[in-house]
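A.B. asks: sharing a sequence plus its predicted fold:
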Amino acid sequence: MLRVLAVDDEKPLLEELLYLLRSDPRVRSAEGASDATEALRRVTRALESGPDGADAIDVVFLDIHMAGLTGLDIARLLAGFARPPLIVFVTAHEGFAVQAFDLKAVDYVLKPVRPERLAEAVRRACAQLGRAEDAPVAAGAAAGPPAAVAPRRPEVTVADRAPEQIAVELGGVTRFVAIADIAYVEAQGDYARLHTDEGSHLVRIPVSTLEERWAARGFVRIHRRHLVALARIDELRLDAGTTSVRVGSAELQVSRRHARELRDLLMRQATG
C-alpha cells in the first residue's frame, strides 16, 4: 500500500485530492502540503527516516503552478536524492507533459481530477514500486506497464448543457445542483464554491463566467470574490462607510464600486 504526499497551494483543491486518495484502498496514508517549502521538508524527513520509517513517502502527487518553487522545480530537487519518491503531476495545464516525463514522472493527471483517472495513476505507482498485487485496475483503466500518455483535454461538463442545473463532482459522485438553490458564489482562484442552504460545492468554473451565465437569473456581483442571488439577500447594512449584505447566516462585504448599483437593484426589487 502507498504512503502519499499531495502538494497544492490551493486549499480546496488539496482537500479534494486528499479525499480521493484516502478513498482508494491501495493508499495506506495521504498527507497534504500547501507549499513547496513544506513539501520539501516532509520529503527530506521521509528520506532521513528510510523506506520503512514512520515518515516514509512512496509517491508525491504534485501540482505544477504554485507560489515560489514550481512543481517541476521540486521534482528536479528530489531527483538529486539517492532514493526519491515517485512523482505524479496533478495540474490544470497541459503544456508541461514533456518536461514532466523527462523528469521520469509516473503520470500526468489533468484537473479537474476524475476519480477513475486518479485511480489509474495510483495503479501505475503501485506497478512501478512492484506492488501490482495491491492495485486492482479501476473499471475502464488501461492494463499494461506504466507509459507516458498524452494528457486529455478537459471535457465539456453537463453543467454547460443544462441551464437549470450545474453538475458538481466529489469522490466519484456527480450531483446536480439546481441553480435556484444557490444563495451565493465564492471565488477561489479558477474555481468557484457554490453555497446552498445544505452546504457548498466546488466547481472548476471562474466566477466571472458564472456572472455572465447567470445574470438573467438574478445573480449580481457584489465583490471580486462574491456573486449573490439578489432574491436571497435578507439585509443590506451600511456601517461607517462600508456596505455589506446578509445572505442567510453569511455576512458578505460589498465593494465600493458595486454598492450603489446593488442598492438601486434592491430598491427596484422591493418596489416591484
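C.D. replies: Received the coordinates, thanks. Numbers count the residues shown, from 1 in each chain.
A.B. asks: does residue 124 touch residue 109 like I think?
C.D. replies: No. Using CB atoms under 8 Å, residue 124 makes no contact with residue 109, being 10.2 Å away. Quick note: C-beta positions are derived from backbone N, CA and C, even for glycine.
A.B. asks: need the overlap of contacts for those two.
C.D. replies: Shared contacts of residue 124 and residue 109, defined by CB atoms under 8 Å, 6 or more residues apart in numbering, are found at residue 88.
A.B. asks: the two: who's more crowded?
C.D. replies: residue 124 (25 against 20; other CB atoms under 10 Å).
A.B. asks: surely the more buried one forms part of a helix?
C.D. replies: Yes. Counting by DSSP: H, G, I helix; E, B strand; the rest coil, one finds residue 124 located in a helix.
A.B. asks: kindly check the end-to-end length of stretch 241-257 for me.
C.D. replies: From its first residue to its last, stretch 241-257 covers 13 Å (CA to CA, to the nearest Å).
A.B. asks: may I see the buried residues of it?
C.D. replies: 243, 244, 245, 247, 250, 252, 254 (16 or more other CB atoms under 10 Å).
A.B. asks: okay, the last one: pLDDT?
C.D. replies: We have a pLDDT of 94 for residue 254.
A.B. asks: residues contacting residue 9?
C.D. replies: 34, 35, 63, 66, 67.
A.B. asks: how much space between the closest residue in space to the first one that isn't next to it in sequence and residue 3?
C.D. replies: The one in question is residue 34. Nearest residue to residue 34, sequence neighbours excluded (CB to CB, 6 or more residues apart in numbering): residue 9, at 5.5 Å. Using CB to CB, to the nearest Å, residue 9 is found at 22 Å from residue 3.
A.B. asks: next one: residue 74
C.D. replies: Distance from residue 74 to residue 3, by CB to CB: 18 Å.
A.B. asks: same thing with residue 65?
C.D. replies: 25 Å.
A.B. asks: output the strand or helix carrying residue 195 as CSV, nothing but the C-alphas.
C.D. replies: Taking DSSP states H and E as the definition, residue 195 sits inside strand 191-196. This file holds the C-alpha atoms of strand 191-196, laid out as CSV (Å, rounded to 0.1, in the frame of the first residue of the first chain):
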residue,chain,number,x,y,z
TYR,A,191,-12.7,27.6,-9.2
ALA,A,192,-16.0,28.7,-7.6
ARG,A,193,-17.6,27.5,-4.4
LEU,A,194,-21.4,27.3,-4.7
HIS,A,195,-23.1,28.0,-1.3
THR,A,196,-26.6,26.5,-0.8
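A.B. asks: buried stuff in the next helix or strand after it?
C.D. replies: Sequence-wise, the next helix or strand downstream of strand 191-196 (DSSP H and E) is strand 200-203. Buried positions in strand 200-203, judged by neighbour count with 16+ other CB under 10 Å: 201, 202, 203.
A.B. asks: now the helices for the stretch 151-272 of the chain?
C.D. replies: With DSSP state H, counting those that start in this stretch as the criterion, the stretch 151-272 of the chain has helices at 207-214, 256-270.
A.B. asks: ok, which of the ones you listed comes nearest residue 46?
C.D. replies: helix 207-214 (37.7 Å; CB to CB).
A.B. asks: and stretch 247-264, how far from the chain's centre?
C.D. replies: Distance of stretch 247-264 from its chain centroid, counting by CA atoms, centre = their mean, to the nearest Å, is 27 Å.
A.B. asks: start and end of it, how far apart?
C.D. replies: Where stretch 247-264 begins and where it ends lie 18 Å apart, using CA to CA.
A.B. asks: same question, stretch 22-41
C.D. replies: Termini of stretch 22-41 sit 22 Å apart (CA to CA).
A.B. asks: how about that stretch: buried residues?
C.D. replies: Within stretch 22-41, the residues scored as buried using 16+ other CB under 10 Å are 24, 26, 27, 30, 32, 33, 34, 36, 39, 40.
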